[in-house]
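In: Sequence plus the predicted model coming up.
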Amino acid sequence: MTDLALDLAVYRYEHTAALLDGSVDIAGVDATWHTAPVVTDLFQAMVQGSYDVAELGLTYSLRTWDTGESPFLALPIFPNRNFRHSAIFVNADSGITKPEDLAGKTIGEFALYGHDAGVWPKGILSDEYGVTPDQCRWVIGGTDHPIPSFDWIPQPVPDGVDVRHAAEGQTLAGLLESGEIDALISVDVPEALVSGASSSKIRRLFGDYESVERDYFRRTGIFPPMHLVAIRRELVGQPGLVEAVYAAFAKAKDLAAAQYLKGALKQQMASMMPWISQLFAENRRLMSDDWWPYGVAKNRVAIDTFLRYHHEQGLSRTRLTCEDLFVPELLTS
C-alpha cells in the first residue's frame, strides 16, 4: 500500500529534531517536513493552506473557530510551553512595583492583542491579582523590531478595551524605555535586558520570576502550553493517521528527554551551561520525569484554563472545551 503523502511543519526544537532529520518516521506517511526561522511563519502558512499538519499557536488555532467551522482539529501535542510570569516587563520609573500597579497603565503586547504568551499572564493577573485587561490601555507591535499587523488571522478586540497598533517604525521596547508605555507583555525578551545594558530602564515585574513560577506550578500543576499541533479536518478520518502522527511526535520528544537522563550520569558534559545538572535535578523533583507531557489527560487542566482565559478576554465568542478542540481518537490520551 502506498504511504499517504503529507506536508508537515514544526519549529526545530530539540524535541522535534528527530522528526525533521528523519530519525523518527510517521507510520504510513510519506512525510515532507518544513520548518522556518520564525515560528509564526509556520502559523501563517498553515492558516493559509500550505500544510496538512503543523504546529500552531493556541490562540491562532482558537481564532479560526470564530470564522465558521475551523478547518483544523488539534492533536494533544504541545511542542512549545513556558512559564509566563517572566514575560511581563516594566519601566523602572513607572511606579509599578507589584502586579496590582498595572491597573490603569498603558501596556505593550507583542504581535496580537492576546498572543499566546499574553493570554496566559493576563489570565493570571486577573485570577490572582484582580487586574483585568479592560483596566489597561494596550499597544500592539514588535518588541525590538517593528512588525505590521498580522492581517492573516482574526484579531477580535472586546468592547471596552482600548487597543491600538504602534505607529510605523516604533518598537515596544523603545516605547517602554522612553516611558511612552508603562509595561510590556511579550514572548520576546527586550534586547536591552538580555544585553544587561546599564542604562536600560527595563526590568521584569517579577524580579525573582523563577521562584514565582515554581510556586505557581506547585499550586496549579500547570506548565503553560503555548502551541499545539493542528491537522486539517478532512484528514482526521484517515485510518490510524492521527495516532501515527501523535506516536511519532511523542517518540521524538522522548528521545530528547532521554538525553537529559543519560547526560545526568556524566554531569551533562555535552552542555556549555554551568550547574545544569543541579537545575535538571531540581526540575525532576518538582515536575517528575514526564516534565513535558503530551496527551489530553495530563494537560486538561492547563488547556481548560487557557480556553477559559481566551473566552474571558473576548478572544473567543464561545468557551470551547477539549472535546471541541481535539481529535476524538486522542481524547483518552
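Out: Alright, I've got the coordinates.

In: The strand or helix carrying residue 229 - contacts with which helices or strands?
Out: Of the helices and strands defined by DSSP states H and E, residue 229 is found in strand 227-232. In terms of contacts (3 or more Cβ pairs under 8 Å, 6 or more residues apart in numbering; DSSP states H and E), strand 227-232 is packed against strand 53-57, helix 58-63, strand 72-75, helix 241-264. (C-beta placed from N, C-alpha, C; glycine too.)

In: how about these in CSV, adding distance to residue 271?
Out: Supplementary listing: these in CSV, determined by distance: least, Cβ to Cβ, whole Å:
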stretch, distance to residue 271
strand 53-57, 25
helix 58-63, 29
strand 72-75, 30
helix 241-264, 7
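
In: so what's residue 81 bridging to?
Out: Partner residues in beta bridges with residue 81, using DSSP bridges, are residue 225.

In: hang on, it packs against residue 293?
Out: No - the pair residue 81 and residue 293 fails to qualify as a contact (Cβ atoms under 8 Å) at a distance of 9.5 Å.

In: What about residue 132, how many residues nearby?
Out: 17 (other Cβ atoms under 10 Å).

In: Residue 124 is in contact with that one, correct?
Out: No - with contacts counted by Cβ under 8 Å, residue 132 stays clear of residue 124, the gap being 11.7 Å.

In: Walking through the stretch 151-300 of the chain, point out its strands one by one.
Out: Along the stretch 151-300 of the chain, the segments classed as strands by DSSP state E, counting those that start in this stretch run 162-165, 183-185, 202-204, 227-232.

In: Which neighbours in the sheet does the second one have, and how are they oriented?
Out: In other words, strand 183-185. Each strand pairing with strand 183-185, determined using DSSP bridges, is listed with its direction: strand 88-91 (antiparallel), strand 106-110 (parallel).

In: tell me, how many neighbours does residue 333 end up with?
Out: Other residues close to residue 333 by other Cβ under 10 Å number 20.

In: whoops, residue 38 was the one
Out: Residue 38 sits with 9 neighbouring residues when counted by other Cβ under 10 Å.

In: before we move on, what about the one 5 residues further on?
Out: Neighbourhood size, residue 43 [other Cβ under 10 Å]: 26.
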